[in-house]
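>>> test case, fold it:
(2 chains)
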There are 2 protein chains.
Amino acid sequence: MIKINENYLKLPGSYLFSTIGKKVNAFIQDNPDKKVIRLGIGDVTRPLTPTITDALHRAVDEMGKEETFRGYAPDLGYDFLRNAIAENDYKARGCDITADEIFVSDGAKCDSGNIQEIFALDNTIAVCDPVYPVYVDSNVMAGRGGQYSESAQGFSDIIYMPCTADNEFAPEIPKKVPDIIYLCFPNNPTGAIINKEDLQKWVDHANEHGSIIIYDAAYEAYIRTEGIPHSIYECDGARTCAIELHSFSKNAGFTGVRLGYTVVPKDLVREGTSLHTLWARRHSTKYNGAPYIVQRAGEAVYSQTGKTEIRGLVDHYMRNASYILSGLKDAGYTVYGGTDAPYIWLKTPGKMTSWEFFDHLLNTANVVGTPGSGFGPHGEGYFRLTAFGSYENTVEAVDRIRKLGA
Amino acid sequence: MIKINENYLKLPGSYLFSTIGKKVNAFIQDNPDKKVIRLGIGDVTRPLTPTITDALHRAVDEMGKEETFRGYAPDLGYDFLRNAIAENDYKARGCDITADEIFVSDGAKCDSGNIQEIFALDNTIAVCDPVYPVYVDSNVMAGRGGQYSESAQGFSDIIYMPCTADNEFAPEIPKKVPDIIYLCFPNNPTGAIINKEDLQKWVDHANEHGSIIIYDAAYEAYIRTEGIPHSIYECDGARTCAIELHSFSKNAGFTGVRLGYTVVPKDLVREGTSLHTLWARRHSTKYNGAPYIVQRAGEAVYSQTGKTEIRGLVDHYMRNASYILSGLKDAGYTVYGGTDAPYIWLKTPGKMTSWEFFDHLLNTANVVGTPGSGFGPHGEGYFRLTAFGSYENTVEAVDRIRKLGA
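Below you'll find the model as predicted:
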């Protein structure tokens, strides 16, 4: 008799967005005349830009002709894309990363879920709290979670690093040394950033203890502040301790196109084994390459016109972020993030819990956001709004909230 | 100090296609005047058909406009595609599979590598020998392999089911009951098929013992013989014991487009847990949906013109298969497969090993195939040719082999 993977049963259930959906649907049913504005989910709304759709059309035409048809892609990605990434995202920033250290994939979510597979099951992981749920869930499913505690709202074997207003949403290096540390900056959900000096401390700590940092840079395109690192490889010694994840979802709007990449430097060696080799093996056994047409779209992101258009997309969302930030401040809210990230993290007013504020905002302003407690226990008392809506809707939502006051 | 997943180190190394590549490159360097014809790898060569490229172009245009742009796809696939699959691949064949039991993915290779994650690590798996390497390798990487034995060319904890001319390449039900059984029909690499009566025996055995069959139907479009099942769900009781994998690679030529799907019936319950729920959880945590434009291309495969064009593609490759079969028979070879599969499996002449025959064919006919021993120890003494080349090259290759004689 086959046995199931019982680790799956330890997951407390991913009810966050389904609970939100149910509450919103119930509200709409009871209030058919109200216009609900959704600033909850981290999905983009602007269409693909002309340079990207042109590249897609050209690649589709190539696939329709015998002379230019392409079958299986190289497991690790086409050179034209790996070279463009190495040149623009690394060499141009003074980072020592070569094209053959870049693994093209169908997105940062997949990579952030899959990367743990190359490590032993008895490693200890550390995550920020609040946190993007995939880091924890993928490790729990593999068997690294231990037991879930309802009261602590967390897993016994996972090290949680609280990120609250008290520490300016900057995780502190935990007392117990973790084997694998997940960091995401600019941060989802808090919108916090990390400066180079602080990031260097993590790199030094990891190198000292032989730990690995999984650095999620999915939101680096939103960094506006000078001197904030766009890549962990801007730090000395990161080549021997860090894996970096990148997405085309939030800069070029590829949430429905699916493209990302992961960097595993060749200097990353543990127990005499190259992690680059392990990840290459994982890729070639359990993955079959990103679509050719999508990789051509990725290449176009790095063209001159592509860069200009993508800057326009990010500017659009950051104008929203700026409007939300100033509007909420005006209304008396305490707000964080939103300057170098598409997320605004706000303190719920008074003693309201995250869910109470969710209900309040839905019922009074007809605006949907995400309760901070959905990202972890230290997200309680906070609330996330995203800058990914249309400008008109964002303005209307903020103006409604402003009318309510905090 | 982080520990790596040492199971990866147990893999003997996937040197098959890299060894082939090296030998071919060396030959070309020494013989620059010779035209080498490759009938080795299972990649298609015909371009995408007009109905598919039209669907892709239309979807790209939609993605370029604000009103029709699509962000994150539903985790399990768009309804338009799941409905088309349910209707055409199941309902039309009298199989009781509904759209919500279909999980759209980026290909059957990924699914066949990932599916084992929902099962416990102490399950015993059974595979055919010879076999598509992903089934074994993904289980070894997860920790279900035990130790590799150089002499046995296999893993201690895996049940190998020999498929040779003696049993007409039909695996026998093993004496030790496996928990997970991988079956692939039409078979890669042998090109063998299974009739409904024999497949029913596997289904009955699995139901009796609570095992699960992972049924890889990637090549079902090549079935020509009447009455041969296209899906395991044509068998009674398969809904309680079978998961089925499908690909758009070999019928519609999507090897570089990336689309597949997996069926997990809701009746598939073990230890009181629905495997459908587990696989949905895996999908939503470690995957983020197939690209919208690719799912539209998949939908077009099921349109009237799409079906006609895809039949044309398969006919093209099967004409090659037929030419290879009759040509090799004429030349005195003993050949198998090729009637309902794009693979021709031949007995190497005399006492030649698979690799000796590889060298012989390369040096004398300048034709590249795949040594059967690369798929497992019981592939020794066999050789795989594929029907995926152009007709002209296929004819030329066969004519060269025919001139040599067996």
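>>> between the two ends of stretch A:257-265, how far is it?
26 Å (C-alpha to C-alpha, to the nearest Å).
>>> now stretch A:205-221
End to end - C-alpha to C-alpha - stretch A:205-221 spans 26 Å.
>>> that stretch near chain B anywhere?
Yes: for stretch A:205-221, a contact with chain B is found by C-beta under 8 Å from any C-beta of the partner chain, at A:H209, A:G210, A:S211, A:I212. (Each C-beta comes from the backbone N, C-alpha and C, glycine too.)
>>> residues contacting the second one?
Think A:G210. A:R270, B:M1, B:I2 (C-beta atoms under 8 Å, 6 or more residues apart in numbering or on different chains).
>>> can I assume A:T339 is in contact with A:T225?
Yes: in terms of C-beta atoms under 8 Å, A:T339 counts as a neighbour of A:T225; the distance is 6.8 Å.
>>> common neighbours of these two, please.
The contact lists of A:T339 and A:T225 share A:I193, where a contact means C-beta under 8 Å, 6+ apart.
>>> the more surrounded of those two?
Taking other C-beta atoms under 10 Å in any protein chain shown, A:T339 and A:T225 do not tie; A:T339 has more neighbours (19 against 10).
>>> residues contacting the more buried one?
Contacts for A:T339 were tallied using C-beta under 8 Å, 6+ apart; they are A:G191, A:I193, A:R224, A:T225, A:A321, A:L325.
>>> is the residue most central in space within chain A in a helix, a strand, or coil?
Centroid-nearest residue in chain A: A:A218, 4.8 Å away (criterion: C-alpha atoms, centre = their mean). Three-state assignment for A:A218 (DSSP: H, G, I helix; E, B strand; the rest coil): coil.
>>> against A:E197, how distant is it?
A:A218 is 22 Å from A:E197, where distance means C-beta to C-beta, to the nearest Å.
>>> quick check: residues of the stretch 251-400 of chain A near chain B?
Going by C-beta under 8 Å from any C-beta, the residues of the stretch 251-400 of chain A near chain B are A:253, A:255-258, A:270-271, A:273, A:275, A:278, A:281-282, A:284-294.
>>> buried ones among the residues you listed?
A:253, A:255-258, A:270, A:273, A:275, A:278, A:281-282, A:284-294 (16 or more other C-beta atoms under 10 Å in any protein chain shown).
>>> the longest helix anywhere in chain A: how far from the chain's middle?
Identified as the longest helix of chain A according to DSSP state H is helix A:304-330. Between the centre of helix A:304-330 and the centre of its host chain there is 18 Å, according to C-alpha atoms, centre = their mean, to the nearest Å.
>>> likewise stretch A:236-255?
With C-alpha atoms, centre = their mean, you get 9 Å for stretch A:236-255.
>>> using PDB, write out every CA atom in that stretch.
Taking Å, rounded to 0.1, in the frame of the first residue of the first chain, the C-alpha atoms of stretch A:236-255 are listed here in PDB:
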ATOM      1  CA  ASP A 236      32.300  40.900  -1.100                       C
ATOM      2  CA  GLY A 237      32.300  37.200  -0.700                       C
ATOM      3  CA  ALA A 238      28.700  36.500  -1.900                       C
ATOM      4  CA  ARG A 239      30.000  34.200  -4.600                       C
ATOM      5  CA  THR A 240      30.800  31.600  -1.900                       C
ATOM      6  CA  CYS A 241      27.600  31.800   0.100                       C
ATOM      7  CA  ALA A 242      24.700  33.100  -2.000                       C
ATOM      8  CA  ILE A 243      22.100  32.000  -4.600                       C
ATOM      9  CA  GLU A 244      20.100  34.800  -6.100                       C
ATOM     10  CA  LEU A 245      16.600  34.600  -7.600                       C
ATOM     11  CA  HIS A 246      15.200  36.900 -10.300                       C
ATOM     12  CA  SER A 247      11.900  37.400 -11.900                       C
ATOM     13  CA  PHE A 248      10.700  39.100 -15.100                       C
ATOM     14  CA  SER A 249       7.200  39.300 -13.500                       C
ATOM     15  CA  LYS A 250       7.300  42.600 -11.700                       C
ATOM     16  CA  ASN A 251       9.600  44.600 -13.900                       C
ATOM     17  CA  ALA A 252       8.400  43.600 -17.400                       C
ATOM     18  CA  GLY A 253       5.000  42.400 -16.400                       C
ATOM     19  CA  PHE A 254       5.600  38.700 -17.100                       C
ATOM     20  CA  THR A 255       3.300  37.200 -14.400                       C
END
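>>> okay then, goodbye and thanks.
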